[in-house]
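Undergrad: Mind folding the following:
(chains A, B, C and D)
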There are 4 protein chains.
Amino acid sequence: MEYRRLGKSGLQLSVLSFGSWVTFHGQVDDSLSDRLMGLAYDSGINFFDNAEIYALGESEKMMGRVLKRKNWDRTSYTVSSKAYFGWRGANNKPNQTGLSRKHLVEACHEALQRMQLDYLDLFYCHRPDRNVPIEEVVWTMTNLIQQGKILYWGTSEWTAAEIMHAHMIARQYNLIGPVVEQPEYNLFRREKVEVEYAQIYKNEGLGTTIFSPLASGILTGKYNKGVPEGSRLSLEGYEWLRNRNLLDENLAKVALLQTVADQLGTSLAVLAVAWCIANPNVTSAILGATKEEQLKETLKALEVYPKLTKELMHEIDTIMGTAPKVPTH
Amino acid sequence: MEYRRLGKSGLQLSVLSFGSWVTFHGQVDDSLSDRLMGLAYDSGINFFDNAEIYALGESEKMMGRVLKRKNWDRTSYTVSSKAYFGWRGANNKPNQTGLSRKHLVEACHEALQRMQLDYLDLFYCHRPDRNVPIEEVVWTMTNLIQQGKILYWGTSEWTAAEIMHAHMIARQYNLIGPVVEQPEYNLFRREKVEVEYAQIYKNEGLGTTIFSPLASGILTGKYNKGVPEGSRLSLEGYEWLRNRNLLDENLAKVALLQTVADQLGTSLAVLAVAWCIANPNVTSAILGATKEEQLKETLKALEVYPKLTKELMHEIDTIMGTAPKVPTH
Amino acid sequence: MEYRRLGKSGLQLSVLSFGSWVTFHGQVDDSLSDRLMGLAYDSGINFFDNAEIYALGESEKMMGRVLKRKNWDRTSYTVSSKAYFGWRGANNKPNQTGLSRKHLVEACHEALQRMQLDYLDLFYCHRPDRNVPIEEVVWTMTNLIQQGKILYWGTSEWTAAEIMHAHMIARQYNLIGPVVEQPEYNLFRREKVEVEYAQIYKNEGLGTTIFSPLASGILTGKYNKGVPEGSRLSLEGYEWLRNRNLLDENLAKVALLQTVADQLGTSLAVLAVAWCIANPNVTSAILGATKEEQLKETLKALEVYPKLTKELMHEIDTIMGTAPKVPTH
Amino acid sequence: MEYRRLGKSGLQLSVLSFGSWVTFHGQVDDSLSDRLMGLAYDSGINFFDNAEIYALGESEKMMGRVLKRKNWDRTSYTVSSKAYFGWRGANNKPNQTGLSRKHLVEACHEALQRMQLDYLDLFYCHRPDRNVPIEEVVWTMTNLIQQGKILYWGTSEWTAAEIMHAHMIARQYNLIGPVVEQPEYNLFRREKVEVEYAQIYKNEGLGTTIFSPLASGILTGKYNKGVPEGSRLSLEGYEWLRNRNLLDENLAKVALLQTVADQLGTSLAVLAVAWCIANPNVTSAILGATKEEQLKETLKALEVYPKLTKELMHEIDTIMGTAPKVPTH
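TA: Purely as a prediction, here's the structure:
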């Protein structure tokens, strides 16, 4: 396994990591999650990603039960949680969501309880919340670090300007700024990671734990034969993925990408993940899996990414047509 | 004339202002510039925009001569200059460009000399310079303010993250941050002004003095009949504008837009400028002109923009197809 | 016993202190360590030095057991630990070493557990770690102080510039800077303590708890008769000491030094330790011992060091030839 | 000519620059200095180095006269001066030396007068002064920048810890830290530039304008035939150079170095200068010259330094035996 520093912080994450997003609880039971996490850990993965929203807390509980059973040295792995997924809901419980001090503190406590941990290694603001001043967010995260409940904090799907705003507050009030952003990154979505954050990597330091390296499965090629029963795209609540991604155009690109995978003697999924970690600004690509073979397969990306020559990268760019324009000044 | 606060600063600019970009020296002589600036001033315009790059200093010299001759009360108008237009050139004088303290200080001195002024009201970093730490820029601008040589400073075509970086430095070191950004803004280019800077208007305060409200003339409709001799698009060095903008697709949109102008009983040019200042985050739209009638005509935008109802704005969006997607979270 | 202020801090350490470096666990069992620490404590020694690396944690466990059995008033002594000994190892557990927040926090917790203590008096960064920003180190040490888990923090074998970097961060962010450095110091190694740190004693304040006052035993004269079985230089893993120090040249100097010891009517070992504490910038010289007589003997340095006149110091300098050049400006 | 950024600042200096140390006034008259500076400027050199101590002010006066006569664009070159050369003298004028606010301000004013300039681009503390708090130095330099009298400030022959102290003060009080250090650097003196400042280049940013690339001429090989009349080593007041450098051992090394120069088809002097600028942490190597051919010759270093392969550098290290030990942790 390869490990990379999380931005300019001292923490080092495995370049491939394990996420439980839609899989835990929904598609995966305790016994399977035990085997999947065991395989991940034995393969050198040291980052297990989670969030309060994943299966509404059940994903964290399941991960907590596995970690307890495994009894691995707590210093040998890192665990995350995340608060607030971006909608406040139409209910009368305004403080059980958002990035207010009340919810961040309570969400942290609840995550620790669900996962049966003393502290989280990483705690993310799962989305920006424009009803809370960023001062309050940075103060609260710093307080949670000071209290020993979390070690580092970060953001997910924030704009570069919002991340810089958090750094501005941290500098002004002598607080601790974010060290990581968790954006979507894959062959279809490149703008944020490749252009928007470019100056922040260099100036402030920013690690990225990217999600959806396979673009919700489209980049595995499996949807080129139609949406199978039981696949993520067929699950309830993922209509938006279907709408957004299942364009015929994209599937045509995926079909062409197969030729590159063939040249490398690998699968589309492995190629897609390898392409992500070939970007040195990607600290870790989060892998989901519902089967052990699936995880074993994508771990091969570690061996494949060094084979991505400039020429192959150029060929991929030509096929996909998704390379963002980099500003000339 | 209507005046708007420049972001959260105390300075107020006329919502329409006068720029000398390509016109002065190249297309306009002293006598004409005298009449144009006189007309602008008499119409209530209080902001005259300039830059070291415009006609390589000749534009500033010409404006300086006019201002001297006019002998208007120095307190009744504001003047700007800008340093560094984004390329360093292939020469052996690396310090005569860029945003280093040396060039910013020397560029300010030279602009004051060329314009025969004691101080600039606004001084812009004409483009970002990634070979200079933003610390050095913010320090230098603050020093120039402390020395009384400039009153406010700003940026042009910086990213939101870079503007926030400047604010971060200002907060950290108790310096003076930028109050204005000068972006391109028109019916073809909306992303930066409408989406990218959105949080900064609200949080830090940011005025905008937008350029190219007519998209280099395309939005006047004149190119719908071909590129006339003597128009900006026919001038040497503006091939890039032709390449970028003169797509048939855009001209077709402009033709459709004529129907909206007709409904309002106005010209395309006036409609295009009116649309810009209908955006309350636009402090001032910079107008260029090579003829007095041209300037008189576009000044009508002041009367037209209050007539832009929600319905008309929607119709314009439908015709243009350029409204940027606003993130939902 | 004499006590000295640790730099400009309020803590006072005995000028001779007790370290368990290679001795505990490896050469010394519980019963002997009980007697050695008892002798030290009864002699007025109030500082017991330890580190996570010493016998890989066993040294801390043994010291913890002795402290528990002795049941001395917790306020009557001070205990230290140290994290990260400068190599990251060739393993797949990158976060179980280094000076990241994760390892510093976890190393502190583990040291407290091994030593069965509620807090450490001193916690050292055992070596610099250039893969972690010094910001992160100073923040974490300050947090551990805020949480009551440590009382003071310091460094070991850092350069003067790195110590100043830590102070810079502390000043900038209103955090707590280091108060102590633990360098090697003896008649063979004088540069760091006598020249490199000179300005820091005066300006920032810096205590030193120096190790190897006997240069791994060479200054006792015992190696002048060859390396005996069971001595540190004969132990596995200490080849580097042999290579570095056992130069015939050095042994010749040690032989000459005997004449000075004779003049003072003392042993070479006592003279070597006395010479260290004659330097007022040495707060405490850490003594190791595997026998009670050995410890009793070196404690005599307390009586010998006031007898080191300027003339004797000059004679020692002449014999050793190791006095560093002090810059004239 | 090649230009390099001065540390992390925005200023760019020619990698070879022109110094007037012992030459101006003493060995060089106005007519010759005019020709030398003209040759330097025409070769692309944009940095002219000076100091109050050089020929006790006469060097600055001569340079000022030449600059006036040349009437080059002030933005096309950079000029420095330096205050306090490290000894206070045994006189009754304590405030006409040192780094107090009084002397720094007055030395700056006097240098500007002598050189007939409005501002210095660089102003150096020529040596550390331990009778002045570094707070006072950093405050004064910042004030001089704010007043527009200097653009950047730096140090000469300060320790890494002292430079970091200046940065600490700058961070604490929101002042402007130093951006450049002027150390001696040549094949005989490598420690400071290669080891001591190593972390500062990376962390704070530090440019270096190195002096004595030829080790007072020894590296030209001319002293291998004895000290000629009129050479620097024969001048009054340079006995210390003779004592320090004219060791037979060093001359033997220089003789061996000739074989490397021969391989490259160049002279010893050119090789010695090329070796200096092959170090990327050297911003500019300051050349002195008393003859035009001499300056022309050393300018060839620009073409030679890219030819210094790893193998040749290794061969040079072996001949010289002066490569400093780099700490392993």
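Undergrad: Grab the nearest non-local neighbour of A:G57.
TA: A:R114 (5.6 Å; CB to CB, 6 or more residues apart in numbering or on different chains). Quick note: C-beta positions are derived from backbone N, CA and C, even for glycine.
Undergrad: need the next SSE after the worst-scoring helix or strand of chain A on mean pLDDT, C-terminal direction.
TA: None of the helices or strands of chain A scores lower by mean pLDDT, DSSP states H and E than helix A:239-245, at a mean of 53. As assigned by DSSP states H and E, the chain's next helix or strand after helix A:239-245 is helix A:248-264.
Undergrad: What is that following helix packed up against?
TA: helix A:268-277, helix A:310-320 (3 or more CB pairs under 8 Å, 6 or more residues apart in numbering or on different chains; DSSP states H and E).
Undergrad: can you pull the alpha-carbon coordinates of it into CSV?
TA: What follows is helix A:248-264 as a C-alpha-only set of coordinates in CSV (Å, rounded to 0.1, in the frame of the first residue of the first chain):
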residue,chain,number,x,y,z
ASP,A,248,-26.0,7.7,-23.8
GLU,A,249,-23.1,10.0,-24.6
ASN,A,250,-21.3,9.0,-21.4
LEU,A,251,-21.9,5.3,-22.0
ALA,A,252,-20.4,5.7,-25.4
LYS,A,253,-17.3,7.2,-23.9
VAL,A,254,-17.0,4.4,-21.4
ALA,A,255,-17.2,1.9,-24.2
LEU,A,256,-14.2,3.7,-25.9
LEU,A,257,-12.3,3.7,-22.6
GLN,A,258,-12.4,-0.1,-22.7
THR,A,259,-9.7,0.1,-25.4
VAL,A,260,-7.3,1.8,-23.0
ALA,A,261,-8.1,-0.7,-20.2
ASP,A,262,-7.4,-3.5,-22.7
GLN,A,263,-4.0,-1.9,-23.6
LEU,A,264,-3.1,-2.1,-19.9
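Undergrad: Now do the buried residues in it.
TA: A:250, A:253-254, A:257, A:260-261 (16 or more other CB atoms under 10 Å in any protein chain shown).
Undergrad: Check whether the one helix or strand A:L36 maps to comes into contact with chain C.
TA: Using DSSP H and E, A:L36 sits within helix A:30-42. No - judged by CB under 8 Å from any CB of the partner chain, helix A:30-42 stays clear of chain C, getting no closer than 10.2 Å.
Undergrad: Show residues contacting the following helix or strand past that helix.
TA: Per DSSP H and E, helix A:30-42 leads on to strand A:47-49 as the next helix or strand towards the C-terminus. For strand A:47-49, the surrounding residues in contact (CB atoms under 8 Å, 6 or more residues apart in numbering or on different chains) are A:13-14, A:17-21, A:37, A:40, A:63, A:67, A:77-80, A:121-122, A:182, A:209, A:211, A:284, A:286.
Undergrad: thinking again about what came up before, mind putting the buried residues of helix A:248-264 into CSV with pLDDT and distance to C:E157?
TA: As requested, these are exported to CSV (pLDDT from 0 to 100; distance: CB to CB, whole Å):
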residue, pLDDT, distance to C:E157
A:N250, 88, 56
A:K253, 94, 55
A:V254, 94, 55
A:L257, 97, 52
A:V260, 97, 50
A:A261, 97, 50
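Undergrad: which of those lies closest to D:E311?
TA: Comparing these against D:E311 with CB to CB places A:V260 closest, at 39.5 Å.
Undergrad: mind listing the strands for the stretch 51-200 of chain A?
TA: A:78-83, A:120-125, A:150-155, A:180-181 (DSSP state E, counting those that start in this stretch).
Undergrad: okay, the ones you listed in TSV with mean neighbour count next?
TA: Formatted as TSV, the strands of the stretch 51-200 of chain A follow (neighbours: other CB atoms under 10 Å in any protein chain shown):
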stretch	mean neighbour count
strand A:78-83	26
strand A:120-125	26
strand A:150-155	26
strand A:180-181	27
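Undergrad: Among those strands, which comes closest to D:A170?
TA: Nearest to D:A170, of all the strands of the stretch 51-200 of chain A, is strand A:150-155, at 27.9 Å by CB to CB.
Undergrad: any bit of the closest one sitting next to chain B?
TA: No - under the criterion of CB under 8 Å from any CB, chain B is not reached by strand A:150-155; the shortest gap measures 11.8 Å.
Undergrad: just for chain A, where's the confidence low?
TA: Scanning chain A for pLDDT under 70 picks out the ranges A:22, A:90-91, A:227-247, A:328-329.
Undergrad: Look at A:R69 and say how many residues are nearby.
TA: 12 (other CB atoms under 10 Å in any protein chain shown).
Undergrad: In chain A, which residue is most central in space?
TA: Closest to where the C-alpha atoms of chain A average out (CA atoms, centre = their mean) is A:F211, at 3.5 Å.
Undergrad: Identify the residues contacting that one.
TA: A:F211 makes contact with A:19, A:21, A:49, A:182-185, A:286, according to CB under 8 Å, 6+ apart.
Undergrad: Run through the bridge partners of it.
TA: Per DSSP bridges, the residues bridged to A:F211 are A:E184.
Undergrad: Could you do A:K82 as well?
TA: A:Y124.
Undergrad: Who are the contact partners of A:L67?
TA: A:37, A:48, A:79, A:115-117.
Undergrad: I meant A:A301, not that one.
TA: Contacts here follow CB under 8 Å, 6+ apart; on that basis A:A301 touches A:16, A:270-271, A:273-274, A:276-277, A:285.
Undergrad: which two in those residues are spaced the farthest apart?
TA: A:L16 and A:L271 (14.2 Å).
Undergrad: Who has more neighbours out of those two?
TA: Each of A:L16 and A:L271 has its neighbours counted (other CB under 10 Å); A:L271 has more, 28 against 25.
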